[in-house]
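Student: Fold the following for me, if possible:
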Amino acid sequence: MSVQDSTAELWTHGAVTCVLVSNGPNVEVELRNADGSAFLRKSAPNRQAALNEAEYLRLLLRPSQRAARSNALKPFALVIEDDRDNRDALSGALRMSGMRVLGCRTGGEGLGLAFELAPDLVVVDFRLPDLTGGDVCRQLRTEPQTATTPIIVVTAATDALRVESCDADAVLSKPCQIDTLIAAARLFVRDLAGPADVPS
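Tutor: Numbers count the residues shown, from 1 in each chain. All right, here's what the predicted structure looks like:
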């Protein structure tokens, strides 16, 4: 490794460690064994894309904790985002992934809808007109009907979010590729859309 290389550890899951390796303009995400040897390496065009790739890999390693269901309803996602264009883009991506989606623009409105409708997934921005994404996450975690609901925060303020110790299940950096959001969302709801019931 040259002196220009820099490595940053992002997370550890069991014996697997995820690190970012940057060498000039190139950024790579590496998964390493306990002995430090890399067993998976993915290149990214920039640091933000690499952080999103690392988050997706973390979710892949995490076992699902939601119970399977076998009804005809598609999983339901709530999008809390004050910017209309971003809200439409996030909602459209989730619909493309086969989910039902409802969007709103404030944290207060989102909390009310979440407590009433018990979504299967919440996607929230960090900077909202009335609350922060951290506030929304904390309040969702305190209510029994939303305490275990998966939360994805999509934000340009990842550092501020970490300072707030936000209890989100995933944090994706803006600008976020639609494919990354869809992949992460599908990981959270993969056990919720059970096979169609076969008549006997």
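
Student: Past the lowest-mean-pLDDT helix or strand in the chain, which element shows up next along the chain?
Tutor: The helix or strand of the chain with the poorest confidence is helix 158-163; it has a mean of 64 (mean pLDDT, DSSP states H and E). Scanning forward in sequence from helix 158-163 by DSSP states H and E, the next helix or strand is strand 170-173.

Student: In terms of secondary structure, what does that next one contact?
Tutor: Strand 170-173 makes packing contacts with helix 47-61, strand 151-155, helix 158-163, helix 178-189 when contacts are defined by 3 or more C-beta pairs under 8 Å, 6 or more residues apart in numbering; DSSP states H and E. Using the backbone N, CA and C atoms, a C-beta is placed for each residue, glycine as well.

Student: Let me see the mean pLDDT of that strand.
Tutor: For strand 170-173, the mean per-residue pLDDT is 83.

Student: show me where pLDDT drops low in the chain?
Tutor: Applying pLDDT under 70 to the chain flags residues 1-5, 62-72, 158-165, 191-200.

Student: To what extent is the nearest residue to residue 15 once chain neighbours are set aside buried, counted in neighbours?
Tutor: Nearest residue to residue 15, sequence neighbours excluded (C-beta to C-beta, 6 or more residues apart in numbering): residue 34, at 4.2 Å. As a burial measure, residue 34 scores 10 neighbours (other C-beta atoms under 10 Å).

Student: ok, residue 34 touching residue 13?
Tutor: No - assessed by C-beta atoms under 8 Å, residue 34 is found out of contact with residue 13, at 11.5 Å.

Student: pull the CA atoms of stretch 140-159 into CSV?
Tutor: Output of stretch 140-159 as CSV, limited to C-alpha atoms (Å, rounded to 0.1, in the frame of the first residue of the first chain):
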residue,chain,number,x,y,z
LEU,A,140,-40.7,5.8,16.4
ARG,A,141,-38.6,3.6,18.7
THR,A,142,-40.6,4.6,21.8
GLU,A,143,-44.0,3.4,20.5
PRO,A,144,-44.9,-0.3,20.5
GLN,A,145,-46.4,-0.3,17.0
THR,A,146,-43.3,1.2,15.4
ALA,A,147,-40.5,0.1,17.8
THR,A,148,-39.2,-2.5,15.4
THR,A,149,-40.1,-0.8,12.1
PRO,A,150,-37.0,-0.6,9.9
ILE,A,151,-35.9,3.0,9.3
ILE,A,152,-33.7,4.2,6.5
VAL,A,153,-32.4,7.7,6.7
VAL,A,154,-31.4,9.3,3.4
THR,A,155,-29.5,12.5,4.0
ALA,A,156,-26.6,14.7,3.0
ALA,A,157,-26.0,15.4,6.7
THR,A,158,-24.5,12.0,7.7
ASP,A,159,-22.1,13.5,10.2
